[in-house]
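**Q** Fold the following and give me the result.
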Amino acid sequence: MQNFRILGLAALALTAGLLTACTDDENPVVVPPVVTGISCVNNDGTLTISIDTNCVLPPDSSFSLTGITYVKSGATLTIGAGTKIKGRFDRTITALVVQPGGKLVAIGTAAKPIVFTAGSSAPQRGDFGGIVLLGRADINRATETADIEGLVGVPYGGTNDADSSGVMEYVRIEYAGRLIGTNNELNGLTMGGVGSKTKISHVQVYDGLDDCFEWFGGTVSADHLVATICDDDMFDWDFGWRGSLQFAIGVANSTAGSSDPNGIEADNGENTEEFLPRSNPKIANLTLIGNGASSLNGIRLRRGTAGQISNVVVTGFKTGAAIRIDGNTSIRLVNNDSLRVSGLFAYSNGSRVSVAAAAGLVDSIATRTAAVTKINTWFSDTASTTAGLSFTVWKPAAALPGSVVTPAGFTTANYIGAFDPAAATLWTAGWIKTP
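**A** Okay, the predicted model is just below:
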């Protein structure tokens with residue numbers, strides 16, 4: 001009966017149609033209606049702070065958050081295409097947190113993406129806290145579950161690698177992130193212990209305060225991600241992430257506030273480099289564009305992460321290297337091919353390769369030298385070749401040189417980078433916000 005009531009109310013809201021306003025030149029402007037009468041919506045159009053039953057927000061509508069809002073275990077929050085979810089007008093912290101056992105089903109379209117954004121009149125990064133998606137997949141912490149970064153007493157993780165936290169498709173997250181404390185922040189999209197039956201596709205994080213995307217363990221895979229002008233890293237993983245990622249673009253903020261903004265910052269675990277399951281994602285068709293000044297490293301692999309990265313462009317990371325390997329465990333994984341990159345096209349970076357061994361590595365000079373030699377075989381280009389990419393040019397004019405390897409289980413894409421040079425239209429067309 002509850003489901004029928006919710007659907008009925010949603011239908012009434014839809015049949016009411018869209019409100020319109022007129023500008024000075026009498027051109028109609030579509031104004032999303034504020035919809036009330038739904039189980040998780042207050043009379044003023046704000047979402048309830050705790051969503052513990054299934055709730056459907058109709059398409060082309062507008063809602064606001066009043067604080068950190070939780071989708072509880074057993075509940076599903078469904079959001080219709082074209083709907084906008086806003087933070088508070090006074091910039092007080094807001095975020096949407098989907099707890100383990102809860103689900104978010106947010107399915108937009110290229111023409112009608114679902115937008116999470118600031119509620120302030122002059123939006124800036126950090127106005128909206130971000131989306132925190134938590135599941136029950138395995139993580140490599142000292143205990144089976146752990147509290148997620150940025151929140152207190154909110155656990156994630158478990159033993160179900162096939163867990164589902166819902167669907168996010170054609171979703172844009174704007175002005176997100178929030179500094180809680182030292183090394184304790186909310187990101188644009190945080191994924192903690194998210195399982196493999198969750199779908200993440202065509203999601204952009206725009207102008208975030210910390211990382212654009214961060215994975216804390218889990219097995220969730222993603223495709224068609226856009227990380228745009230965030231303050232810190234574009235893509236970050238820790239604590240045993242073992243999913244996949246194909247087709248992704250990262251563009252740096254022109255003036256990063258972070259002291260070490262990287263394209264990728266990858267860890268197995270700080271002070272727990274050998275914990276299992278080890279971070280071991282597979283990534284293909286990636287473009288990383290630094291700002292040509294303060295961007296640090298294109299790809300920084302450290303603290304025991306394994307992984308396979310294929311068909312990637314790295315440019316504009318002038319302060320550091322195209323690829324940097326940190327620490328004894330990661331050097332060992334390079335040398336035994338558990339950590340490897342292929343089809344790496346890099347230009348206009350501070351350097352091509354940087355490898356830093358920690359003190360105490362047996363035969364550290366020889367081991368480090370062997371790693372540097374191997375890493376230099378990962379590059380597909382010559383030092384003088386460029387692709388002409390920039391903040392506004394994301395697709396090379398022609399196919400880049402080098403051997404292309406599509407990992408097993410991935411969509412065949414016979415090119416290096418996020419975009420097909422032969423495509424007439426980018427897969428970002430219509431639904432993203434551009435810098």
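**Q** Kindly indicate whether the nearest residue to G80 once chain neighbours are set aside is helix, strand or coil.
**A** The spatial neighbour of G80 that comes closest, neighbours along the chain excluded (CB to CB, 6 or more residues apart in numbering), is P59 at 3.0 Å. Quick note: C-beta positions are derived from backbone N, CA and C, even for glycine. The three-state label for P59, taken from DSSP: H, G, I helix; E, B strand; the rest coil, comes out as coil.
**Q** Pull the host helix or strand of L96 out as CSV, backbone CA atoms only.
**A** Secondary structure assigned from DSSP states H and E places L96 in strand 95-98. As requested, the backbone C-alpha atoms of strand 95-98 are provided in CSV (Å, rounded to 0.1, in the frame of the first residue of the first chain):
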residue,chain,number,x,y,z
ALA,A,95,25.6,15.4,2.0
LEU,A,96,23.7,12.3,0.8
VAL,A,97,24.9,9.1,2.5
VAL,A,98,23.7,5.7,1.4
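**Q** Just the mean pLDDT for that strand, thanks.
**A** The average pLDDT within strand 95-98 is 97.
**Q** Can you list the strands that the helix or strand just after it pairs with?
**A** The helix or strand immediately downstream of strand 95-98 is strand 103-107, counting by DSSP H and E. Partner strands for strand 103-107, per DSSP bridges, with pairing direction: strand 76-79 (parallel), strand 166-174 (parallel).
**Q** right, so these: which one is the most enclosed?
**A** Ranked by mean neighbour count, the strands paired with strand 103-107 are led by strand 166-174 with a mean of 23 (mean count of other CB atoms under 10 Å).
**Q** wait, doesn't R242 sit right on P277?
**A** Yes: proximity of R242 to P277 meets the contact threshold set by CB atoms under 8 Å, at 6.1 Å.
**Q** Neighbour count for those two, which is higher?
**A** Applying other CB atoms under 10 Å to R242 and P277 shows that R242 carries more neighbours, namely 24 against 19.
**Q** List the residues that contact that one.
**A** Listed by CB atoms under 8 Å, 6 or more residues apart in numbering, the contact set of R242 reads G218, T219, P277, S279, N280, P281.
**Q** for G87, same thing?
**A** Contacts were defined as CB under 8 Å, 6+ apart; by that measure G87 touches S64, L65, T94, T117, A118, G119, S120, D127, F128, G129, Y175.
**Q** quick one on the thing from earlier: could you export the strands paired with strand 103-107 as a markdown table, including mean pLDDT and distance to L133?
**A** Formatted as a markdown table, the strands paired with strand 103-107 follow (pLDDT from 0 to 100; distance: least, CB to CB, whole Å):
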| stretch | mean pLDDT | distance to L133 |
| --- | --- | --- |
| strand 76-79 | 98 | 11 |
| strand 166-174 | 98 | 8 |
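**Q** is it possible to export these to JSON lines including distance to T411?
**A** Putting those into JSON lines (distance: least, CB to CB, whole Å) gives the following:
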{"stretch": "strand 76-79", "distance to T411": "27"}
{"stretch": "strand 166-174", "distance to T411": "16"}
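**Q** Pull up the gap between the closest residue to V312 other than its chain neighbours and R352, please.
**A** Nearest-residue entry for V312: L286, 4.3 Å, with adjacent residues in sequence omitted and distances by CB to CB, 6+ apart. L286 sits at a distance of 17 Å from R352 (criterion: CB to CB, to the nearest Å).
**Q** ok, the two, which is more surrounded?
**A** Of the pair L286 and R352, L286 is the one with more neighbours under other CB under 10 Å, namely 28 against 20.
**Q** could you give the mean pLDDT of the helix or strand containing the more buried one?
**A** With the criterion set as DSSP H and E, the secondary-structure element containing L286 is strand 282-289. Averaging pLDDT along strand 282-289 gives 98.
**Q** following that strand, which helix or strand shows up next?
**A** Following strand 282-289 toward the C-terminus (DSSP H and E): strand 299-302.
**Q** List every C-alpha atom in that next one, with coordinates, as CSV.
**A** Included here for strand 299-302 are C-alpha records, laid out as CSV according to Å, rounded to 0.1, in the frame of the first residue of the first chain:
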residue,chain,number,x,y,z
ILE,A,299,49.8,8.6,-11.9
ARG,A,300,51.1,8.1,-8.4
LEU,A,301,51.1,4.4,-7.3
ARG,A,302,52.2,3.7,-3.8
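**Q** which residue packs closest to R340, ignoring adjacent ones?
**A** Using CB to CB, 6+ apart, the nearest residue to R340 is Q308, at 5.8 Å.
**Q** Taking strand 282-289 as reference, get the angle to the helix or strand hosting the one you found.
**A** Assigning secondary structure by DSSP H and E places Q308 in strand 307-315. Between the direction of strand 307-315 and that of strand 282-289, the angle (axes from the mean of the first three to the mean of the last three CA atoms, to 10 degrees) works out to 20 degrees.
**Q** average pLDDT for strand 307-315?
**A** In this model, strand 307-315 has a mean pLDDT of 97.
**Q** Check the offset of that strand from the chain's centre.
**A** Here the centre of strand 307-315 is set off from its chain's centre by 16 Å, with CA atoms, centre = their mean, to the nearest Å.
**Q** Starting from it, tell me which strands it pairs with and how they run.
**A** Each strand that pairs with strand 307-315, with its direction, by DSSP bridges: strand 282-289 (parallel), strand 339-347 (parallel).
**Q** Any idea what the residue nearest to R340 is bridged to?
**A** K282, R340.
**Q** Quick check: pLDDT value at N253.
**A** According to the model, N253 scores 87 on pLDDT.
**Q** how many neighbours does the closest residue in space to it that isn't next to it in sequence have?
**A** If you skip the residues right next to it in sequence, N253 has I229 as its closest partner in space, 4.2 Å away by CB to CB, 6+ apart. A total of 23 residues lie near I229 under the criterion other CB under 10 Å.
**Q** Enumerate every residue touching I229.
**A** Contact partners of I229, counting by CB under 8 Å, 6+ apart, are Y206, D207, V251, A252, N253, S254, P435.
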